[in-house]
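Student: got a sequence here, can you build the structure:
(3 chains)
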Amino acid sequence: MNGIVGASAQRAGGRARVTGAQRYLGDIHLPGLLHAKLVTLDCAHARIRSVDTSAARRVPGVALVLSAADLPQPVPRFGPQYRDRPVLATGETKYHGEPVAAVAAQTQDAAEEAARLVRVDYDELPAVCSLAAALAPDAPLVADPALRPGDPLAGTNVLHEHRYGWGDVTAARSDLVVAGRYTFPMVTHFAIERHAFIAAPDGDGIRIWSTIQHPYWLQRIIAELLHLPLAKVQVLAPDLGGGFGGKQHAKYEPLVALMALRSGRPVRLLLTLEETFQAVRRTSAEVHVRTGFRADGSITFREVDADYLLGAYADIADRVVGKGSYTSCGPYRVPAARILARSVLSHTPPATAFRGFGSPQVLWAGESNMNEAARALGLDPLELRLRNLPRRGEVFIPGDKPADGQWDQTIRKTAELIGWGSPLPPGRGRGLALGLKSGPTTGLSYATVRLLADGSVVMSAGTSDMGQGARTVYAQLVSDELGVPMDRITLIMGDTAAVCYDQQTSASRSTVLMGNAVLQACREIQAKVKAMAVRLYQVGETDVDVAHGLVRLPGRKVPVTDILGPGLGPLGGEVIGNGESRKEAEPGHPLSGSAAFYEFNCTAVEAEVDTGTGDVALARYATVSDVGRAINPLQVRGQDEGAAVQGLGHTLMEHYVLAEDGRIRNLGAIDYRIPTSMDLPAELYSDVVENADGPGPYGSKGMSEGALLAVAPAVAAAVTDATGAVVRDLPLSPENVWRALTQRALTQRALTQRALTQRALTQRACTADGDLMKEMRDESHSES
Amino acid sequence: MTHTRTIRLTVNGTTRQVRAEPGHTLLDLLRDDLELTGTKACCLVGECGACTVSMNGRIVDSCLVLAAEADGAEVTTIEAVAAGGGLDPLQQAFLDSGAVQCGYCTPGQVMAARDLLARVPHPSVAQIQEAMAGNLCRCGCYRQITEAVQAAAAAVDR
Amino acid sequence: MQGFGYERPHALARAVALLQAHGSQAVLLAGGTDLIVGLRERRLRPAVVVDIKHVAGLEPSITRAGGLVRITADTVLTDVAADQCVRSNFPALAQAAAVIGTVQIRNRATLAGNICNASPAADTAPPLLVYQAQVVAYGPGGTRRIPIDGFFAGPGLTTLAPDEVVTAIELPVPGPHAGSAFGRLSRRRGADLATVSVSAYVDGDGATRLGFGAVGPRPILIADHSGQLADPAGRADMLARLVRTASPISDVRASREYRMSMLAELSQRVLDAATGRRAEGGRR
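Tutor: Here you go, the predicted model:
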């Protein structure tokens, strides 16, 4: 390597971003563009009686008003897992914000005016917007059972049950069993760039621009919907202004595509920030975890019952549930396990992928559970982790990929950064948690690299760069392999017509999967250059070596750029290399395949709590991830620290507030709070472990989700350490912490009283504070 | 339509005459009428700062300024910050510190940082964080942005 | 936002005439940080927006004449928070002005606009109440002064007549031995609306004025001449009684219960800060 890989090369496209020159989708203007506006109802669930678009059509400048009746019948449905989402609400709206109609007009103002004039006659229906409501025996069904033929669960709001396990949990002998119920709130992605879509008829085909993370997936959906060959559907995906999973799958592109074809004009839909909250969110969850321990802290069994609340349509959220819950035993040796995770539908905005993909929810429960156990056992929480940690190469999920890192190093490095074990100032608590997530289980990436006649390079890769820096990483790889300076490399991305297939940009896969494809493409070029050298210099194959831009011949070295001219000859041309990186599905595997790598992280936090108000102040924060190899250390650090900051959102402040009837009450930036610069921990440290033990280029692993996984349990543990109060429901807002502190004060008073009046406590499985209180509450009720 | 008025304002040093629609904001005017798309739209309620511009010497959320209010005003946007082809040291510092990920909030961040450094040449971390609290970054680059502002402040000394 | 007219009067009389002509169909625009949001959300649908930033006599200024400090209607919060006269004489007001919104918001939002918007959570209201500010208003009948504790009528409502314009806010300079402070709680450290806010003013004799924000339809002013509130050891019972007069609601930001508890907690802290300042030698 010549030093580019492992260096903090400046971000490709960085200059354009700091000068305002970067063109995001919303900055694109097309001649003849029509502006679209959605028509939605202000309720969670309604039966549509009629849609009257006549007044809307009369607004000057309006080109088109569509409702379900104007679409091909039956109304087309789409979705990455189930074809459940109609292009426009049909018969019923099933979540607050589901579009009933759409307007396209010459100006945004006209479109908005017309949208307000669409008269929808509807009956509000009872809505189920929580797990309890959705799982109640007489709950209204979110999905039409007719759309779930042969599904034994069709008469319920349970979309799917995921069961995993091994060993026999009932036979486990434990000295202590720790159990608890944890909840993870409904939160939304809030990318600063809102979702946006443009569709334009293009000859006998169509062109779609979208803030989409998976352009090729979208291409397939549109092609199917419009009965077009893939070759006639071009998806253009400019670099996104943040995605985080919320822009993975088709949302309103099918609608906009139909509007474009119907009107014969380009049509653009820009969502308002409020509309994005109504379009995408993370699955919320209620997780029951029960873990058995021996007195020395070794785990004997774990049971996890996780209910995840999906929205009205599945999107990719059932996969989120299946994949996230699969590793809910955490990065530990667990002799016996039983996991049941359910995807539950509700009349809420469709949950979709969000950084962490189902793992933050189960880790919130599982890692909090570990910390509670440490307290109950009188063990150091760090020691408890090390005691149960699998070694690299050790299987910890039977039949599946072994631990692929020396994870104890990550834990020890974190401990060093935070000063684990050192004395704490009064009033400060310290906590720690681990994060584990499976990387991609299947994948397919093609890369093309073209070494041009003057030694510069054009390359293409179908990855979406949404800020994680994929462009820069690929340029670094090419720069290193071919010895081409970074400023002589152009990357073409985000165009399905010009760039070969990439399955998707998700699961932190791109450095590994596309990176390997890029390397392969470079190696093909090197092989061709080698063949040129053999021909030109009349030497044997074994006498030539091509690496890092140099051709090594007997007795001398020649830069590749010097032989390109003569090598290509009078006709000129270029040297083309193609790479393919493929991870096939494994039939019979519950996730369709084992993970290409695991993301592993340790997070440690020091917090101070204002016991009068419940306010949590983060004094010190350390996060370390096991990354194999940091191709670009500056970007890696930015991803990890950025993930930590993002995770502080659901940890400390973010949550949807729903009215009784299911309407979202805090749409928009005033009443939905995300972290600001003032919410940074006073000290923030991050580091990486690099053992070159990953499957990607130079031993790299994927990263960027790991540092979000353990934020919540680490912070909560620090709060408990500081105050004794245990909080099991996120977010740890000042009010929620205050409630926990108040409860704890009540519990302590009651406990003292109880100890005075009762001599012996019966021996039973010890449950943590919350369950103890419940028992006492029950007892005090029976006494009165 | 009847309330459209012609206004005159100076944008990035050039006087422009624009027809301001009622209900349109300075943000709409900059992006749609003047095609200066560097300033971004996001929350439209003055919380996220993506639309930050300098108006009459102070940073404001352009989504909260009616286009008509900008009649007679002097406005500076992100497009004016880079000096003739090069990069302002502050912009370079953003790149060097890794303060740019998706980049969508970056123009607003640069405008806010630039304003801070003009008022407080050597801001403390607390001052930086407070001054930049009106610029949301969902990628979470706050630490890097703070470092960039500190680096730019130090660069002025040299 | 729907189409509306935009007027930019240069004379106060013209502004008033516009209000008279359009009645409830006209709204005044100063900083716009509340108004524009209201227009965008279509809570407000006026026929005319009257921009008063160019009215002669309303230009931003903070001046002291004798025992009175006068802050004109177009003075923005950035300047209120930074002004030396305000910081030394009315530290609670400077503090409150400094936490509203963000730098961008404070560069536009005016002090007058903050009180005219009359949110029950208006941060400048509790300090203005304890400093006994007066709102100077001009209308067809001329100029009048409205004591601040008679200014707020309810959420979004003031006692201004529909054809009156606030021209300035006047505050009497406190005595040399007074101490005052402001505090508030919010959901996060960055910009936020107040969950609860409190301001306290304690004078040389121990007479105390306490202002509560975000715990009722209007900001609340309480005056105590007994000296009890000024006494850290003796104030608990009286404070508990006073807190119970507040009527916070549960909303998207906080529950009623939390607000009540925090009102007591915050009042203790703010009273301590105010009496502490008094002990330090008054005012600052």
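
Student: what's residue 31 sitting at in phi/psi?
Tutor: I went with chain A, as the question did not name one. When read as degrees, to the nearest 10, the backbone of A:Pro31 gives phi -60, psi 140.

Student: think we crossed wires, I meant chain C
Tutor: Per degrees, to the nearest 10, the backbone of C:Gly31 is at phi -70, psi -30.

Student: tell me, how many residues neighbour it?
Tutor: C:Gly31: 26 surrounding residues under other Cβ atoms under 10 Å in any protein chain shown. From N, CA and C alone the C-beta is placed, and that goes for glycine too.

Student: and A:Val473, what is it in contact with?
Tutor: A:510-511, A:515, A:631-632, A:635 (Cβ atoms under 8 Å, 6 or more residues apart in numbering or on different chains).

Student: need the pLDDT of the residue most central in space within chain A.
Tutor: By Cα atoms, centre = their mean, chain A has its centre lying nearest to A:Arg355, at 2.2 Å. Turning to A:Arg355, the model gives it a pLDDT of 98.

Student: now do it against A:Arg629, distance only.
Tutor: Computed as Cβ to Cβ, to the nearest Å, the A:Arg355 to A:Arg629 distance reads 22 Å.

Student: now swap in A:Asn601 and tell me
Tutor: Relative to A:Arg629, and taking Cβ to Cβ, A:Asn601 is found at 16 Å.

Student: more neighbours, those two?
Tutor: Shown here are A:Asn601 and A:Arg629; by other Cβ under 10 Å, A:Asn601 has more neighbours (35 against 20).

Student: residue contacts, the more buried one?
Tutor: The contact partners of A:Asn601, taken as Cβ under 8 Å, 6+ apart, are A:410, A:434-436, A:623-626, A:640, A:706-707, A:709-710.

Student: go again with 10 Å.
Tutor: Counting by Cβ atoms under 10 Å, 6 or more residues apart in numbering or on different chains, A:Asn601 touches A:331, A:363, A:407, A:410-411, A:414, A:433-437, A:623-627, A:640, A:643-644, A:686, A:688-689, A:703, A:705-711, A:714.

Student: quick one, phi/psi of it?
Tutor: The phi and psi torsions at A:Asn601 (degrees, to the nearest 10) take the values phi -140, psi 150.

Student: for it, give the beta-bridge partners.
Tutor: Listed by DSSP bridges, the beta-bridge partners for A:Asn601 are A:Gly435, A:Ser625.

Student: got a pLDDT number for it?
Tutor: For A:Asn601, the pLDDT comes out at 98.

Student: how close does it sit to chain C?
Tutor: 24 Å (Cβ to the nearest Cβ, to the nearest Å).

Student: whatever helix or strand C:Ser180 lives in near chain B anywhere?
Tutor: Assigned by DSSP states H and E, C:Ser180 belongs to strand C:179-185. No - Strand C:179-185 stays clear of chain B (Cβ under 10 Å from any Cβ of the partner chain), getting no nearer than 15.1 Å.

Student: partners of that strand in the sheet?
Tutor: Sheet pairing for strand C:179-185, assigned by DSSP bridges, gives strand C:196-202 (antiparallel).

Student: got the CA coordinates for the partner strand in PDB?
Tutor: C-alpha atoms of strand C:196-202 as PDB (Å, rounded to 0.1, in the frame of the first residue of the first chain):
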ATOM      1  CA  VAL C 196     -41.400  25.900  33.000                       C
ATOM      2  CA  SER C 197     -39.900  29.300  33.600                       C
ATOM      3  CA  VAL C 198     -39.500  31.400  36.700                       C
ATOM      4  CA  SER C 199     -38.100  34.900  37.400                       C
ATOM      5  CA  ALA C 200     -37.600  36.400  40.900                       C
ATOM      6  CA  TYR C 201     -36.900  39.900  42.100                       C
ATOM      7  CA  VAL C 202     -36.000  40.600  45.700                       C
END
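
Student: picking up where we left off before, show me the contacts of A:Val473 that map onto helices.
Tutor: Of these, the ones assigned to helices by DSSP state H are A:510-511, A:515, A:635.

Student: which ones are touching the residue of the stretch 151-284 of chain C found nearest chain A?
Tutor: Residue nearest to chain A within the stretch 151-284 of chain C (Cβ to the nearest Cβ): C:Gly190, separated by 2.8 Å. C:Gly190 makes contact with A:653, A:673-680, B:47, B:129-130, B:132-136, B:142, C:102, according to Cβ under 10 Å, 6+ apart.

Student: for it, pull up the helix or strand it's in.
Tutor: Assigned by DSSP H and E, C:Gly190 falls outside every helix and strand.

Student: just give the nearest non-adjacent residue to it, would you?
Tutor: A:Thr676 (2.8 Å; Cβ to Cβ, 6 or more residues apart in numbering or on different chains).

Student: hmm, back to that, just the CA trace of the strand holding C:Ser180, in PDB.
Tutor: What follows is strand C:179-185, C-alpha atoms only, in PDB (Å, rounded to 0.1, in the frame of the first residue of the first chain):
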ATOM      1  CA  GLY C 179     -31.400  41.000  43.200                       C
ATOM      2  CA  SER C 180     -33.100  39.300  40.400                       C
ATOM      3  CA  ALA C 181     -32.700  36.100  38.400                       C
ATOM      4  CA  PHE C 182     -34.300  33.900  35.800                       C
ATOM      5  CA  GLY C 183     -34.400  30.200  35.200                       C
ATOM      6  CA  ARG C 184     -36.100  27.800  33.000                       C
ATOM      7  CA  LEU C 185     -36.400  24.100  32.100                       C
END
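
Student: next, the buried residues of it.
Tutor: For strand C:179-185, burial by neighbour count (16 or more other Cβ atoms under 10 Å in any protein chain shown) applies to C:179-185.

Student: for those residues, which one is nearest A:Gly427?
Tutor: C:Leu185 (18.7 Å; Cβ to Cβ).

Student: you'd agree C:Leu266 is up against C:Arg184?
Tutor: Yes - when contacts are counted by Cβ atoms under 10 Å, C:Leu266 is listed as touching C:Arg184 (7.3 Å).

Student: list the residues that contact both of these two?
Tutor: Common contact partners of C:Leu266 and C:Arg184 (Cβ under 10 Å, 6+ apart): C:195-198.

Student: out of these, which end up buried?
Tutor: By neighbour count, with 16+ other Cβ under 10 Å, those hold C:195-198 as buried.

Student: before we move on, the earlier item: okay if I get the buried residues of strand C:179-185 as TSV plus distance to A:Lys247 and pLDDT?
Tutor: TSV is the format used below for the buried residues of strand C:179-185 (distance: Cβ to Cβ, whole Å; pLDDT from 0 to 100):
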residue	distance to A:Lys247	pLDDT
C:Gly179	54	96
C:Ser180	50	97
C:Ala181	47	97
C:Phe182	42	97
C:Gly183	41	95
C:Arg184	37	94
C:Leu185	35	90
